[in-house]
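Trainee: any chance you could fold what I've pasted below:
(chains A and B)
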Number of protein chains: 2
Amino acid sequence: MSKVVTEKVGKFTQHYPKLTAIVTASAQGKDNAMTAAWHSSISINPPLYGVSISPQRFTYQLITDSKEFGLNFVPWGKASLAAWVGGTSGREIDKFQKFNMEREKPLRTKVPILKDAYAAYECKLVDSKTYGDHVWFVGEIVAVHFVEEAFSSEKILDLDKIKPLLYLGLEGFYATTDKDSLQYIKRGD
Amino acid sequence: MSKVVTEKVGKFTQHYPKLTAIVTASAQGKDNAMTAAWHSSISINPPLYGVSISPQRFTYQLITDSKEFGLNFVPWGKASLAAWVGGTSGREIDKFQKFNMEREKPLRTKVPILKDAYAAYECKLVDSKTYGDHVWFVGEIVAVHFVEEAFSSEKILDLDKIKPLLYLGLEGFYATTDKDSLQYIKRGD
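Mentor: Numbers count the residues shown, from 1 in each chain, chains lettered A, B, ... in the order given. Next up is the predicted model:
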């Protein structure tokens, strides 16, 4: 197959699929949620996680004010919820009410935790830095929520039990994993 | 299903699967490659991409010296290559020779581009910052390589043609997407 090699980077969506995260925050008496595909763990000790958010987003303001954020991972069956949350603004509507999103009690912060999430992280903001057109928020994970039966004893996702929600990099396009594709390869030679 | 809520964060692998990247760099007359799961796009304009690397890695030194890095995305069928590359150090062996990795010519940098990659980004380093036990390298994408037939006209990956390599967060465990799970959901209400 032939390869294109170009300096025309454009929207560069070749690095998808990416696990969809629903980022939550609470401030000014308001809870909000947004979808994010630009996120990554960045340190184990301390446990740090980063998420890139446009300063134009309402959630940007809530995180800046409260110094906290949540990351919620919902299954493939909730793709519609992710699309709806991603297609609306908390400046205009209360997404929790509009989309009937139930909340669970956070442990160490005030960020909303989604009942629909099979796993969630509560984060306390430790740094924020502008990179290009987005701001990189770094939080220390202070609490973890997860459905016990969804993970192995070593905390890896059981693909038989949960279909993770993978975003393809173009609005509205989602897929999930093939549970029969799991393979274990011994490292080294 | 019951949820565990805990302050014991541990290795926090609940946010996997994650697309595997093979990070490449060249300096001191040496090419090297390492696997990375901690990476994300962080800005569209300019096109910026971040990757989190331990300062103990040989690739950390090569990126620090050369101010360039490459991100290579190989298919699920190359899981063994990813595991081998991840389980060895470029301080001890020439991974390109050892694992018969063929290189293609970069366009704007000197980073090795893997022939096995269905897509790759060439990045010029614009920032590095220590977060916890890793360093967050941010690069501007200056060139993109991709197999034309593997992507739609809107540059989303064709899951019929390429099985992306998803890492489960525990050494050696990989899976891929279910091509029949692709769904399109119209955003908004």
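Trainee: would you mind measuring from residue A:157 to residue A:169?
Mentor: 21 Å (CB to CB, to the nearest Å). To be clear about C-beta, it is placed using only N, CA and C from the backbone, and glycine gets the same treatment.
Trainee: got it, and residue A:59?
Mentor: To residue A:169, residue A:59 is 20 Å away according to CB to CB.
Trainee: over to residue A:131?
Mentor: Distance of residue A:131 to residue A:169, given as CB to CB: 19 Å.
Trainee: next one: residue A:78
Mentor: Applying CB to CB, the value for residue A:78 to residue A:169 is 19 Å.
Trainee: next: residue A:40.
Mentor: 15 Å.
Trainee: right, is stretch A:170-180 up against chain B?
Mentor: Yes: counting by CB under 8 Å from any CB of the partner chain, chain B has neighbours in stretch A:170-180: A:170-179.
Trainee: buried residues, stretch A:32-41. List them.
Mentor: A:32-41 (16 or more other CB atoms under 10 Å in any protein chain shown).
Trainee: who's in contact with the residue nearest the centre of chain A?
Mentor: Closest to where the C-alpha atoms of chain A average out (CA atoms, centre = their mean) is residue A:21, at 1.7 Å. Neighbour list for residue A:21: A:35-37, A:39, A:51, A:71-73, B:15 [criterion: CB atoms under 8 Å, 6 or more residues apart in numbering or on different chains].
Trainee: with residue A:78 instead?
Mentor: By CB under 8 Å, 6+ apart, the residues touching residue A:78 are A:116, A:165.
Trainee: now do the helices in chain A.
Mentor: Taking DSSP state H to define them, one finds helices in chain A at A:58-66, A:79-86, A:95-98.
Trainee: how far does the shortest one sit from its chain's centre?
Mentor: Which is helix A:95-98. Taking CA atoms, centre = their mean, to the nearest Å, the mean C-alpha location of helix A:95-98 is offset from the chain mean by 18 Å.
Trainee: same thing with the longest one?
Mentor: For helix A:58-66, the separation from the chain centroid amounts to 16 Å (computed by CA atoms, centre = their mean).
Trainee: leaving out sequence neighbours, find the closest residue to residue A:39.
Mentor: Distances taken as CB to CB, 6 or more residues apart in numbering or on different chains put residue A:51 closest to residue A:39, at 4.2 Å, once the chain neighbours are dropped.
Trainee: count the residues that sit near residue A:97.
Mentor: 9 (other CB atoms under 10 Å in any protein chain shown).
Trainee: ok, it to residue A:8 distance?
Mentor: Taken as CB to CB, the span from residue A:97 to residue A:8 is 43 Å.
Trainee: likewise for residue A:85?
Mentor: To residue A:8, residue A:85 is 32 Å away according to CB to CB.
Trainee: looking at those two, which has the bigger crowd around it?
Mentor: Shown here are residue A:85 and residue A:8; by other CB under 10 Å, residue A:85 has more neighbours (27 against 8).
Trainee: run through the residues that contact the more buried one.
Mentor: With CB under 8 Å, 6+ apart, residue A:85 has these contacts: A:22, A:33-35, A:95, A:99, A:101.
Trainee: and the strands in chain A?
Mentor: Using DSSP state E, the strands of chain A run over A:3-6, A:18-19, A:21-27, A:30-36, A:39-43, A:48-53, A:68-73, A:103-104, A:113-114, A:119-131, A:134-147, A:166-167, A:173-184.
Trainee: any idea which of those gets closest to residue B:115?
Mentor: Closest approach to residue B:115 among these is made by strand A:3-6 (8.9 Å; CB to CB).
Trainee: report the buried residues of the closest one.
Mentor: In strand A:3-6, counting by 16+ other CB under 10 Å, buried: A:3, A:5.
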